[in-house]
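# Dropping a prediction and its sequence here:
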Amino acid sequence: GDWSSDVALPIWRHRRGVCSRKFLHMDSLLIKGGVPLHGDVQISGAKNAVLPIMAATLLTAEPCIIRRVPDLSDVKFMGRILESLGCAVKFEGDTLTVQAHRIKGHGDYDLIRKMRGSICILGPLLGRLRKADVSQPGGCVIGTRPIDLHLKGLRALGAKIEIEGGYVRAKAPRLTGTEVFLGGRAGPTVLGTANIMSAAVLAEGVTIIESAACEPEVSDLATFLNAMGAKIQGAGSPTITITGVKALHGAEHEVIPDRIEAATFLIAAAMTHGEITIHGAKPEHLNAVIDKLREAGVKIERRGAAMIAKRGPRLTPVDVTTLPYAGFPTDVQAQMMALMALTPGISIITERIFESRFGHVAELGRLGADIAIEGPSAIVKGGKRLSGAPVMASDLRASAALVLAGLAAKGSTQVNRIYHLDRGYEKIDAKLKQLGGRISRIQE
Ligand code: UD1
């Protein structure tokens, strides 16, 4: 059925406990596999861009208008967090208006704990109020997700930060521009870069972030902040220079398209022997993915602003290593593994960003895939016939991989716990249905 209305705001107007249980609904997707997907699909705004942009609206008392906002439970969650900080939040179609007229420095702990992305309120709150008090965020079960680099950067700007009983308590009577190196063990940090950038826009003097994340979502946040009156240069490169200003004003912004969603549909075309025309994506954000898919034998053509994907005469296995942007995204690793499971031959998929992001391996195995984990790598012996089975989604992108595998498998696949999917894919079942996929949502 149409889920967009049943996880929406009115639920939150009731008791809190009810709200979170509703978000973690136990709906599942029933997929009848073996049908080629054909037709057109429109890519939504990027989840990972809109979350820090929503948080950045905390930096001004004036209203901000954000367009191309995807209807996702993570986005609604962030809206609820902003409300708990005192913001007026209004969703109208894919336009979101936020006004942080009078806000407080501590949000609803329970809400914040439930979503990893909520850490990005820390920088904006510090910038605006010079203090912030948030619970340590939760999120996907894909390995430890430390925030040491966020704290290092904010401390470098002058914040005093304590961690107490799961809470981050930060104070910064003054924020002063400085040089900060944000590289970690696994490279730069995306939300860490967003946080430091968001605090530094209202600091005194110049901040230089070295080893900044180069993801398009970081650039999109910088575009929004600059529209609010910030002075940021170099976003999208490893060195970002931020010249502090006294105050920011309201702004309008359109969120970039979701490159992970687009990549997922490219792979869906190849896996189902279909042909999908993808509208509204930015192919220039997908170079690493397109390059790998072409190497694997997928035909991807650009026609004007659209991309057309279909499987070539035969697929060949490719090795993939996830890397920070512009490398192959960790958020497409699981989907790529599903494709390799169908591709005759051996491929090695190495995860370099997160420690244990292989929750999909065992579940793909239930569908008949032959995959072994060796340290940070998965060795896929592809080409086995997949057949439908009940599977359980463990995180967002793992869920997407299972849906793809289910679409390609013979028989029925039931993907349980798809609340993960609803966190990050707008109307995924409706979009797949429109492409001819035989897919239905079973409500709990
Ligand atoms: C963001 C994305 C997520 C994506 C990830 C990597 C959002 C809402 N989420 O998450 O979808 O998979 O980028 O592209 O935008 N690290 C530290 N210390 C820190 C912070 C991170 O060691 O303080 C490590 C992490 O454990 C990981 C690596 O750095 O190994 C990259 O993580 P990071 O870029 O911070 O991921 P997120 O920004 O949380």
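Nice, thanks for sending it over. Residues are numbered from 1 along each chain as shown.

# Next one: residue 284 from residue 406, what distance?
31 Å (CB to CB, to the nearest Å). (C-beta placed from N, C-alpha, C; glycine too.)

# Tell me the buried residues in stretch 251-266?
251, 253-266 (16 or more other CB atoms under 10 Å).

# nearest to the ligand, of these?
Among those, residue 260 lies closest to the ligand (CB to the nearest ligand atom), at 7.5 Å.

# Give me the phi and psi angles of the residue positioned nearest the centre of the chain.
Nearest residue to the geometric centre of the chain (CA atoms, centre = their mean): residue 48, 4.0 Å. Here is the backbone geometry of residue 48 (degrees, to the nearest 10): phi -70, psi -10.

# For residue 54, which residues are in contact?
The neighbours of residue 54, taking CB atoms under 8 Å, 6 or more residues apart in numbering as the test, are 66, 75, 78, 79, 82, 96, 98.

# With residue 334 instead?
357, 360, 397, 398, 400, 401.

# just checking, residue 258 touches residue 42?
No - Residue 258 is not in contact with residue 42 according to CB atoms under 8 Å; the separation is 10.8 Å.

# With neighbour count as extra columns, can I get the contacts of residue 54 in CSV?
Output for those, formatted as CSV (neighbours: other CB atoms under 10 Å):
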residue, neighbour count
66, 25
75, 24
78, 28
79, 21
82, 23
96, 26
98, 25
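
# Using CSV, please lay out these together with pLDDT and distance to residue 105.
Below are the contacts of residue 54 laid out as CSV (pLDDT from 0 to 100; distance: CB to CB, whole Å):
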residue, pLDDT, distance to residue 105
66, 98, 23
75, 96, 23
78, 95, 17
79, 96, 19
82, 96, 13
96, 98, 22
98, 98, 17
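
# dump the residue contacts of the residue lying closest to residue 168 once chain neighbours are set aside.
Ranked by CB to CB, 6 or more residues apart in numbering and with sequence neighbours excluded, the top spatial neighbour of residue 168 is residue 134, at 5.3 Å. Residue 134 makes contacts with 106, 107, 109, 112, 118, 119, 121, 122, 125, 167, 168, as judged by CB under 8 Å, 6+ apart.

# rerun at 6 Å
With CB atoms under 6 Å, 6 or more residues apart in numbering as the criterion, the residues that contact residue 134 are 112, 122, 168.

# now residue 192
149, 150, 182.

# Just give me the closest of those to the ligand.
residue 149 (3.3 Å).

# residues in the stretch 201-350 of the chain within reach of the ligand, list them.
The stretch 201-350 of the chain comes close to the ligand at residues 213, 217, 330, 331, as judged by CB under 6 Å from any ligand atom.

# How about the contacts made by the residue nearest to the centre of the chain?
residue 217.

# 8 Å - rerun?
Here residue 48 is in contact with 117, 190, 215, 217, 258, 260, 331 (CB under 8 Å, 6+ apart).

# and the second one, how many neighbours does it have?
Residue 190 is flanked by 21 other residues according to other CB atoms under 10 Å.

# next one: the last one
Look at residue 331: counted by other CB under 10 Å, it has 23 neighbours.

# Surely it is within a strand?
No - Residue 331 is assigned helix when assessed by DSSP: H, G, I helix; E, B strand; the rest coil, not a strand.

# how near is it to residue 340?
16 Å.

# before we move on, what about the first one?
As defined by CB to CB, residue 117 lies at a distance of 29 Å from residue 340.

# neighbour count winner among those two?
Counted by other CB under 10 Å, residue 117 and residue 340 do not tie: residue 340 has more neighbours, with 28 against 24.

# Check what pLDDT that one gets.
Here the pLDDT value assigned to residue 340 is 98.

# Repeat that for residue 133.
90.

# Use 349 as the first number from now on
Sure, I'll start numbering at 349, so the last one becomes residue 481.

# neighbours of it, just the number please.
The burial count for residue 481: 18, using other CB under 10 Å.

# do residue 397 as well
Residue 397 has 29 nearby residues by other CB under 10 Å.

# Give me the phi and psi for it.
Backbone phi and psi, for residue 397 under degrees, to the nearest 10, turn out to be phi -90, psi -40.

# how much space between it and residue 690?
31 Å.

# hey, where'd the strands end up in the stretch 449-598 of the chain?
479-483, 508-512, 515-519, 527-529, 554-558, 579-581, 587-591 (DSSP state E, counting those that start in this stretch).

# Given the fifth one, what are its sheet partners and their directions?
Going back to what we said before, that points to strand 554-558. For strand 554-558, the paired strands and their directions (DSSP bridges) are strand 527-529 (parallel), strand 587-591 (antiparallel).

# Same question for it: list its buried residues.
555, 556, 557.

# again, but for stretch 670-685
Applying 16+ other CB under 10 Å to stretch 670-685 flags 670-673, 675-685 as buried.

# Pull out the CA atoms of it and give them to me as PDB.
Extracted C-alpha coordinates of stretch 670-685, given in PDB (Å, rounded to 0.1, in the frame of the first residue of the first chain):
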ATOM      1  CA  THR A 670      34.900   1.000  -1.300                       C
ATOM      2  CA  LEU A 671      36.600   4.300  -0.800                       C
ATOM      3  CA  PRO A 672      35.800   7.800   0.100                       C
ATOM      4  CA  TYR A 673      34.400   9.900  -2.700                       C
ATOM      5  CA  ALA A 674      35.300   9.900  -5.700                       C
ATOM      6  CA  GLY A 675      35.900   6.200  -5.100                       C
ATOM      7  CA  PHE A 676      33.300   3.500  -5.100                       C
ATOM      8  CA  PRO A 677      30.700   4.300  -2.300                       C
ATOM      9  CA  THR A 678      30.300   2.000   0.600                       C
ATOM     10  CA  ASP A 679      26.600   2.700   0.300                       C
ATOM     11  CA  VAL A 680      26.500   0.800  -3.000                       C
ATOM     12  CA  GLN A 681      28.700  -2.100  -1.800                       C
ATOM     13  CA  ALA A 682      25.800  -4.400  -0.900                       C
ATOM     14  CA  GLN A 683      23.900  -3.800  -4.100                       C
ATOM     15  CA  MET A 684      27.000  -4.400  -6.100                       C
ATOM     16  CA  MET A 685      27.600  -7.700  -4.300                       C
END
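
# Off-centre distance for that stretch?
12 Å (CA atoms, centre = their mean, to the nearest Å).

# same check, this time on stretch 660-669
With CA atoms, centre = their mean, you get 25 Å for stretch 660-669.

# For residue 760, which residues count as its bridge partners?
Bridge pairing for residue 760 - DSSP bridges - gives residue 380.
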